[in-house]
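Chemist: give me coordinates for this.
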Amino acid sequence: MSQKRIAIFGSTGSIGTQALEVIAANKDKFSAEVLTAQNNDELLVQQALKFNPYIVVIGDEKKYPKVKQALARTDIQVFAGEKALEEVAEMDAYDLMLAAIVGYAGLKPTLQALESGKPVALANKETLVVAGDIVMKKALEKRVPVIPVDSEHSAIFQCLVGETRNKIEKVILTASGGPFRGKKPNFLVNVKRDHALQHPNWTMGAKITIDSATLMNKGLEMIEAKWLFNLKPDQIQVVIHPQSIIHSMVQFEDGSIKSQMGLPNMKLPIQYALGFPHRIPNDMPRLNFRSMSTLTFEEPDIKTFKNLGLAIDALTKGGNLPCILNAANEIAVYAFLRNRIGFLDMTEVVEQTMVKIPFIESPTLDEYLDTDGEARSFAASLIQM
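Modeler: Next up is the predicted model:
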């Protein structure tokens, strides 16, 4: 296996930093050729000095002089701004894009990578939630794989290897239930930011941690699964599995179920996506069945955690509704993280935005972009941001 050149779009976030650890542990197999960050210029510079990529991009143009100056003695090319992300995605400077930019911002660079015939390891679920039909059509047209990095979708992907001719009856996405599993609205009304950021099993970025606490994350994953695996809404089920050992399951039409299991560790699906189709040895901790006394499963509480219900509505109706759901949720989470609204208010913001923004059954890319903008503006107006 010759050295694979990796472009990490979103290198300073939780997924990006763990991907660089995987690359550092496998220098003979991977090199980091492109590193991008939105705001975290200090960490981006540290990463660039350590990994010596061909290109770095800082999204915030005000920070360009600082990054340029810090890397002046190297041969690294430095670019800045949103447009630069798309332009670099077009370049032939890498073999695989790891799409790890959080939120809607990841959509355009991912589309550009596919347009350029580059395989994408997708860690940004919002890209498929917002415009899954357009993204997967582009991947098919250019005949390039989209390899999921989310632990649940990686699990399904791994279960489907070797099963191309066999029909899926359904996929079962597992959810830990987050930090408030079993709690009722009278408890949730008082939940504060720091409380919601404490996930029982996974170490993740702030946005995804809040989404896990509201179960919105699982709803977004259902929409993502629809596009990744070409499923109908009724083929996607969610089950709460507090131990996070089974990462997801596939049931085939003969009733047989395959699951992928392991300790909750994001480095494993990251490494799998970077190395695909080869599995790479590592010294990460192993699951010991002797120390696991029980694995339990329960129904999600959609009455309390209404975000999951809203996402299922968006999944079922389709069109631009998932895009509206995602935009409103990004604004709501942003506001909650800044203590501007309460935990249950996030659902209110999403629900009202889904009612307000006009529904389009088969949107074009431009209509998706307009929908995203309108939904954000309306959601922000509800919060007086």
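
Chemist: all strands of the stretch 251-385 of the chain, in order?
Modeler: 257-261 (DSSP state E, counting those that start in this stretch).

Chemist: where along it do the helices fall?
Modeler: Assigned by DSSP state H, counting those that start in this stretch, the helices in the stretch 251-385 of the chain fall at 267-275, 306-317, 321-337, 345-356, 365-383.

Chemist: those: which one's closest to Gly255?
Modeler: helix 306-317 (24.3 Å; CB to CB). Glycine gets a C-beta too; all of them are placed from N, C-alpha and C.

Chemist: need the contact partners of that closest one.
Modeler: 214-216, 218-220, 222-223, 226, 233, 236, 238, 300, 302, 321-322, 324-325, 329, 346-347, 350-351, 354, 359 (CB atoms under 8 Å, 6 or more residues apart in numbering).

Chemist: pLDDT on that helix, on average?
Modeler: On average, the pLDDT along helix 306-317 is 98.

Chemist: deepest of the helices of the stretch 251-385 of the chain, which one?
Modeler: helix 321-337 (a mean of 26; mean count of other CB atoms under 10 Å).

Chemist: can you tell me how far Ala311 is from Lys218?
Modeler: Computed as CB to CB, to the nearest Å, the Ala311 to Lys218 distance reads 8 Å.

Chemist: what does the pLDDT read for Glu126?
Modeler: 86.

Chemist: er, Met385 I mean
Modeler: pLDDT at Met385 comes out at 62.

Chemist: now do Ala105
Modeler: 87.

Chemist: around it, how many other residues sit close by?
Modeler: With neighbours defined by other CB atoms under 10 Å, the count for Ala105 comes to 18.

Chemist: equivalent analysis for Pro264, please.
Modeler: 17.

Chemist: in this structure it contacts His241, no?
Modeler: No. With contact defined as CB atoms under 8 Å, Pro264 does not reach His241; the gap is 10.8 Å.

Chemist: quick one: common contacting residues for those two?
Modeler: By CB under 8 Å, 6+ apart, the residues touching both Pro264 and His241 are Ser176.

Chemist: and Ala80, how many neighbours?
Modeler: Neighbours of Ala80 (other CB under 10 Å): 20.

Chemist: should've said Ala72
Modeler: Neighbours of Ala72 using other CB under 10 Å come to 9.

Chemist: that one and Pro65, how far apart?
Modeler: Counting by CB to CB, the gap between Ala72 and Pro65 amounts to 10 Å.

Chemist: partner residues bridging Val34?
Modeler: Ala7, Ile55 (DSSP bridges).

Chemist: thought it was touching Ile55?
Modeler: Yes. Using CB under 8 Å as the test, Val34 is close enough to Ile55 to be in contact (4.9 Å).
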